[in-house]
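> dropping the sequence and predicted coords here.
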Amino acid sequence: MARIVFILSIVLFSSQVNSALKVGIIDIPPFSFSDGQQRGIHIDYVREVFKLAKIPATLQSLPYPRVVEGISAGKVDIALMFRRDELPNTIEVCKSFGFHNLIVTRKGVHASNLKGLENLRVGVIRKAQFGKEFNEADYFQKIYLENYSQSFKMLRLSRLEAFIISRPAFLFFKQSPKFQDISFEKPFVFNKRHNYFYAHKDVDRTKLNKLQKANQALLDSNFIETIVRKYLID
């Protein structure tokens with residue numbers, strides 16, 4: 001009898017693991033840290049959403065392009081990222097929290113809007129969508145990068161004149177000792193972009209409804225502000 005109970009418990013555990021949704025999180029600090037501890041603004045928020053929704057989930061920190069490609073291919077069930085005009089084989093589940101995006105220019109390069117970046121080299125995270133005005137601008141050169149750390153490094157080496165970055169990420173990297181020697185002009189706010197939950201088209205709609213409700217419950221609280229304060233000192 002004890003053996004049967006043991007076997008059933010293993011089967012039940014295996015079933016729960018197999019039914020867990022795979023969630024793609026961009027592996028860019030401070031949204032997700034690649035130190036094996038599964039922490040960061042996005043990690044903490046998404047974990048709490050699924051906890052409230054009572055949906056088993058496995059969180060995966062992945063490069064931005066792999067999150068985008070994975071959700072379309074079904075390798076990832078759920079993703080949290082900026083809204084996109086086209087994302088094949090997916091469902092836009094719900095709007096979530098948002099942050100301001102900043103344009104940072106190196107010392108001596110003055111700009112207060114996108115037009116001020118004309119003919120300059122501007123760093124942008126590959127596959128990220130920063131809004132139609134930025135995405136369609138053709139009067140400056142976009143240099144595609146894997147992460148925000150590269151943006152700071154290339155600005156230091158004068159391989160960029162500017163880059164676009166989420167405000168929490170800017171505050172995080174600005175505080176890092178390895179980047180405190182970099183001089184730049186005061187950043188200007190370009191826009192505010194919200195993150196959206198996306199699901200692969202085959203994900204059960206009942207789970208998506210639970211996800212929507214849990215996300216809204218967190219938005220109605222101050223949970224995101226608490227997380228930001230946890231990782232950043234403004």
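Here it is on my side, so go on. Residues are numbered from 1 along each chain as shown.
> show the end-to-end separation of stretch 101-111, please.
Stretch 101-111 has its terminal residues 15 Å apart, counting by Cα to Cα, to the nearest Å.
> least confident secondary structure element in the chain?
Lowest mean confidence among the helices and strands of the chain (mean pLDDT, DSSP states H and E): helix 2-19, at a mean of 47.
> is it true that Leu114 touches Gly131?
No. In this structure Leu114 lies outside contact range of Gly131 using Cβ atoms under 8 Å: 10.2 Å. Quick note: C-beta positions are derived from backbone N, CA and C, even for glycine.
> which one's more surrounded, these two?
Leu114 (19 against 16; other Cβ atoms under 10 Å).
> how near is the more buried one to Phe152?
21 Å (Cβ to Cβ, to the nearest Å).
> quick check: Asn191 is in a strand.
Yes. Asn191 sits within a strand when classified using DSSP: H, G, I helix; E, B strand; the rest coil.
> thought it was touching His100?
Yes. Using Cβ under 8 Å, Asn191 is in contact with His100, at 7.3 Å.
> intersection of neighbour lists for Leu114 and Gly131?
Listed contacts common to Leu114 and Gly131 are Phe190; contacts here mean Cβ atoms under 8 Å, 6 or more residues apart in numbering.
> let me see the ranges of the helices in this structure.
Using DSSP state H, the helices of the chain run over 2-19, 41-53, 64-73, 132-136, 148-156, 167-175, 205-219, 223-231.
> got any ranges where the chain has weak pLDDT?
Counting by pLDDT under 70, the chain contains low-confidence ranges at 1-18, 233-234.
> quick check: longest strand of it.
strand 90-105 (DSSP state E).
> and that strand with helix 167-175, angle?
Between strand 90-105 and helix 167-175, the angle comes out at 40 degrees (axes from the mean of the first three to the mean of the last three Cα atoms, to 10 degrees).
> in strand 90-105, what counts as buried?
90, 93-94, 96-99, 101-105 (16 or more other Cβ atoms under 10 Å).
> okay, angle between it and helix 148-156 too, please.
Using the same axes, to 10 degrees: strand 90-105 against helix 148-156 is 20 degrees.
> packing partners of strand 90-105?
Judged by 3 or more Cβ pairs under 8 Å, 6 or more residues apart in numbering; DSSP states H and E, strand 90-105 is in contact with strand 162-166, helix 167-175, strand 188-200, helix 205-219.
> can you list the strands that the shortest one pairs with?
This points to strand 162-166. Sheet pairing of strand 162-166 (DSSP bridges) gives strand 90-105 (antiparallel), strand 121-125 (parallel).
> separation between Ser112 and Gly131?
For Ser112 relative to Gly131 (Cβ to Cβ), the value is 17 Å.
> domain-wise, how is this protein divided?
2-98+194-231, 99-192 (automatic domain parsing).
> the closest residue in space to Arg47 that isn't next to it in sequence: how many residues sit nearby?
Of all residues not flanking Arg47 in the chain, Leu59 sits nearest, at 6.6 Å (Cβ to Cβ, 6 or more residues apart in numbering). The number of residues packed near Leu59 is 19, by other Cβ under 10 Å.
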